[in-house]
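[1] With the input below, show me the fold.
(chains A and B)
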Number of protein chains: 2
Amino acid sequence: MITWSSLSVNEKKQALARPAMANSQQLKQTVGEIIARVEAEGDTAVLDYTRRFDCPDLTNLVLSQESIDILAAKVTPEVASAIDTAFDNIKTFHEAQKPSDIALTTTPGVKCELRFTALDTVGLYIPGGSAPLPSTVLMLGVPALVAGCENKLLCTPPNKAQLIAPEIAYAARKCGIDKIYLCGGAQAVAAMALGTDTIPQVDKIFGPGNSFVTEAKQQVSQRADGAAIDMPAGPSEVLVLADEFANPEFVAADLLSQAEHGPDSQAILVSNSATLIEEAKAAVERQLATLSRAEIARPAMENARYILADSIEQAIEASNAYAAEHLIVQIENARDYLPKIKYAGSIFLGPWSPESAGDYASGTNHVLPTYGYAKNYSSLGLLDFMRRYTIQELSEDGMRNLGPAIMALAAAEGLDAHEQAVALRMQALKQGDA
Amino acid sequence: MITWSSLSVNEKKQALARPAMANSQQLKQTVGEIIARVEAEGDTAVLDYTRRFDCPDLTNLVLSQESIDILAAKVTPEVASAIDTAFDNIKTFHEAQKPSDIALTTTPGVKCELRFTALDTVGLYIPGGSAPLPSTVLMLGVPALVAGCENKLLCTPPNKAQLIAPEIAYAARKCGIDKIYLCGGAQAVAAMALGTDTIPQVDKIFGPGNSFVTEAKQQVSQRADGAAIDMPAGPSEVLVLADEFANPEFVAADLLSQAEHGPDSQAILVSNSATLIEEAKAAVERQLATLSRAEIARPAMENARYILADSIEQAIEASNAYAAEHLIVQIENARDYLPKIKYAGSIFLGPWSPESAGDYASGTNHVLPTYGYAKNYSSLGLLDFMRRYTIQELSEDGMRNLGPAIMALAAAEGLDAHEQAVALRMQALKQGDA
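    Presented below is the predicted three-dimensional model:
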């Protein structure tokens, strides 16, 4: 247990330090080579990598609509109904985010507009691995659906049977995903960014992944002929703020929810109550004994930090310094403290709002800025699936009214031709010969 | 003159191809070294580079408030008034972009919120060079002001007299910039991204610059301890759509406005009238003879392209394929064609809306996605100076209503502890012992 008030400025930083992210030259180079090969060879390269890493017998990168339907029908009614509930809530929350176009007159005769429009083609990446992630399909697919993106592609690595998890197929169909491609890793990212004969080039790539996927997203986002990406990635993390009224079992369960994501997950408890911290630690040990994923959660919990603050205000100071991806506030009258909370990807208020709620079904998006990016990046939302552009239209009066200011500024900046473009128009207006 | 309908798919791509951007290893390495030195030595490195490149006698990186006031007072009344007009219009247009927070109930007892908040600390980069750019100060400073960013810093290289252009000082003061730092280039970007004793670390860096600045922005945006950036950069460009009713002098002036930005600027005219194209070409030659920046504009115009389309619809097809930063529509009843226009950073409608209007004073932002990025990036706006985060709060009823769905999904994903975090709460609710 670390006592916050006893720490120097540097020790405070240390107490909240995140693990360094692997950034090896080897990874950069390997991913660079995969991207180059996909660029040169297209489908051949994607198919070859997919056979090597995921599915030796794969012959077709496209999962047929028939297969999707067969798979989707295999989902148990209970899980299907849970996906339906989550879908509805996520859709409700993201529909509320629909922006309004703006049109106004700034100077008489000068009309300015801002318009929002959906991105044309988005690529959603869903990792493979031991467990399927239908929730991530919803978190990416629902906003793409609500935004109205014309083409919604999904890439996910196939299993040995050339198929994917039924839950992924079910969730993708709900979101109106147009095509599912059977590939993963850096090769899938490269294919979506650059396009192949089979996989169309996308405007933006969304979704989580392993270090190859993350590195590939970074690399293609740096290319002028590549794609935009959702946000920078980092290991997942939670910070729980709790006072003496918090239920230590709930606190422990929330820390463990984070820890089971992976050994590099971060779990931090900050409390003004030493008793609560001790009780939560004991509860963590008890609960760990019952968890199937204890082997993953235990090493993460060994890096967990328990910070004792003098007061709730001081606890919030630590939380603001950390800028957590997930911030759980199990403090009495939690809502009252919102004005003091500066940074978090998503905030979970009160005892009945575990991280699981937002991860799955409350309606908020679970793609969140981690690794301190909550200070300068946004939680994923509808706007990330749209773009904004502007329009201006000057009438003759608008030109008369604004022309002199434009000319003065162009002259001040030494931009002759800019001045000329207005001068010619002003002259034409004077002569009435436009 | 290129006839669009005679081109193959590949020739069409060629006709609209942008010049390759220099992406030299040498540049990457030099910028990497500058960033590393600023990280290691802080102010000493920034001051040293600034003395070497900009101002041999500089002793203080901060431009004093007194100097700002003295400089601002030197601006001519005409230019001051033009800056005031532009400021007002830009402010009006960006104030209209203020987003609304969202709070709603997705499932009874499940409250979800989306909140917008200003970025804390933003760094605005204003290039130096032969002509001052007060307009860019406004385009970055006004949205930062309207968003309510707590700290607004500006970096710009000093002249030999340890000062900056009066117009920059005047515009910066209008925007409530908190501090002006006398440095430029990669060293200024590194200082803002990483912080020094004098220059605070910023959350996001905005603004144009030369290849060193652009490369430095890319590099710091890739670092977890760096800063976010506004958008990827590329050479500026215009595409003019014109029909036989367009005034060839206006068209020529608009092409030249773009060309005078630099020899790598792109100017493209697409028209369904060969006569208009011939007349515009002749007008370009005539106007070039009178321009002070002809030496810059002429090489750019040598790369200009004149494309003849069979129809306006075909001209718009070419425009959509190009996705111009600036799209000028000098077609009769220009507004009627808006629904067909897919991509552009900013659209200038009708004969009285030259690019200069948006560059300076109409109210729209002149920081726009170029190099084809209009397909997947937005024009700069108020939202770029803000971030979004979410909140969820479940009541006991909310947990009762949503708990089963969360548990089913967690189980489907094999995430035990996520399921447990809900199971424990459901149990507590049943036992009434929360």
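[2] Quick check: the gap between the closest residue to A:D310 other than its chain neighbours and A:L241.
    Distances taken as Cβ to Cβ, 6 or more residues apart in numbering or on different chains put A:S5 closest to A:D310, at 5.0 Å, once the chain neighbours are dropped. C-beta here means a position set from N, CA and C on the backbone, and glycine is covered the same way. Distance, A:S5 to A:L241, using Cβ to Cβ, to the nearest Å: 16 Å.
[3] what's the answer for A:P299, then?
    24 Å.
[4] Please apply the same query to A:T390.
    41 Å.
[5] which of those two has more neighbours?
    A:L241 (29 against 26; other Cβ atoms under 10 Å in any protein chain shown).
[6] for the host helix or strand of that one, packing partners?
    In the assignment (DSSP states H and E), A:L241 maps to strand A:237-242. Under the contact criterion of 3 or more Cβ pairs under 8 Å, 6 or more residues apart in numbering or on different chains; DSSP states H and E, strand A:237-242 touches helix A:248-259, strand A:266-271, helix A:312-322, strand A:326-330.
[7] got the residues of the stretch 1-150 of chain A near chain B?
    Applying Cβ under 8 Å from any Cβ of the partner chain, we find that the stretch 1-150 of chain A lies next to chain B at A:18, A:21, A:78-79, A:81-83, A:85-86, A:88-89, A:92-93, A:96-97, A:99, A:102, A:104, A:106-107, A:110, A:112, A:114, A:119-120, A:130-135.
[8] what about 7 Å?
    Proximity of the stretch 1-150 of chain A to chain B (Cβ under 7 Å from any Cβ of the partner chain) is limited to residues A:21, A:78-79, A:82, A:85-86, A:89, A:92-93, A:96-97, A:102, A:104, A:106-107, A:110, A:112, A:114, A:119, A:130-135.
[9] and those residues, which are buried?
    Applying 16 or more other Cβ atoms under 10 Å in any protein chain shown to the residues of the stretch 1-150 of chain A next to chain B, the neighbour count classes A:79, A:82, A:85-86, A:89, A:92-93, A:96-97, A:102, A:106-107, A:110, A:112, A:114, A:119, A:131-135 as buried.
[10] Can you list which of those are found in strands?
    A:I102, A:T106, A:T107, A:V110, A:C112, A:L114 (DSSP state E).
[11] closest to A:P235 among these?
    Closest to A:P235 out of these is A:L114 (36.6 Å), distances taken as Cβ to Cβ.
[12] where does A:Y306 land in three-state SS?
    Under DSSP: H, G, I helix; E, B strand; the rest coil, A:Y306 falls in the strand class.
[13] is it true that it touches A:E278?
    No: in this structure, A:Y306 is not within contact of A:E278 by Cβ atoms under 7 Å, at 8.8 Å.
[14] Please identify which of the two sits among more neighbours.
    Neighbour count, other Cβ under 10 Å: between A:Y306 and A:E278, A:Y306 has more, with 20 against 15.
[15] bridging residues for that one?
    A:L269 (DSSP bridges).
[16] so what's A:E279 up against?
    Neighbouring residues of A:E279 by Cβ atoms under 7 Å, 6 or more residues apart in numbering or on different chains: A:P248.
[17] That one - that's part of a helix, no?
    Yes: counting by three-state DSSP, A:E279 is found in a helix.
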